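Asker: Provided below are the primary sequence and the corresponding predicted coordinates.
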Amino acid sequence: MVDKYNNLYIGVKVNAVFQGSYEQMETKLLTAAVVGQLPDVVQEKFEYMDLYKEEGLIPPINAFITEHDSKDIFPSIYWPGRF
């Protein structure tokens, strides 16, 4: 999937890196946060998002989600002001 994306979008390079279990990845992400080297994109468990938000490590996404788009997102995952 990553190779297909990279071939489709020239000039954008995605480097998929397996980071172990979610718990192992969480440890690595928290360490990266401490030294200011978080990745641009990560697949994370929803349960951990509040920690990153409270620490100011993830920007709000509300400005990027239109009212129309919000209808495609499960209410339990997204509500304005949360993220």
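Answerer: Done, it's in.
Asker: For the rest of this, base every contact and every neighbour count on C-alpha atoms.
Answerer: Fine.
Asker: where does residue 52 land in three-state SS?
Answerer: helix (DSSP: H, G, I helix; E, B strand; the rest coil).
Asker: Which pLDDT value goes with it?
Answerer: Model confidence at residue 52, given as pLDDT, is 82.
Asker: Can you get me a residue count around the nearest residue to it once chain neighbours are set aside?
Answerer: Nearest in space to residue 52, with sequence neighbours left out and distances taken as C-alpha to C-alpha, 6 or more residues apart in numbering, is residue 58 at 6.0 Å. Residue 58 has 14 neighbours, counted by other C-alpha atoms under 10 Å.
Asker: for residue 4, same thing?
Answerer: 8.
Asker: elements contacting the helix or strand that it is a member of?
Answerer: Using DSSP states H and E, residue 4 maps to helix 2-8. Contacting helix 2-8 under the criterion 3 or more C-alpha pairs under 8 Å, 6 or more residues apart in numbering; DSSP states H and E is no other helix or strand.
Asker: Next, the contact list for residue 28, please.
Answerer: residue 19 (C-alpha atoms under 8 Å, 6 or more residues apart in numbering).
Asker: Buried ones in the stretch of helix or strand it belongs to, by neighbour count?
Answerer: Assigning secondary structure by DSSP H and E places residue 28 in helix 22-34. Across helix 22-34, burial judged by 16 or more other C-alpha atoms under 10 Å covers 25-26, 29.
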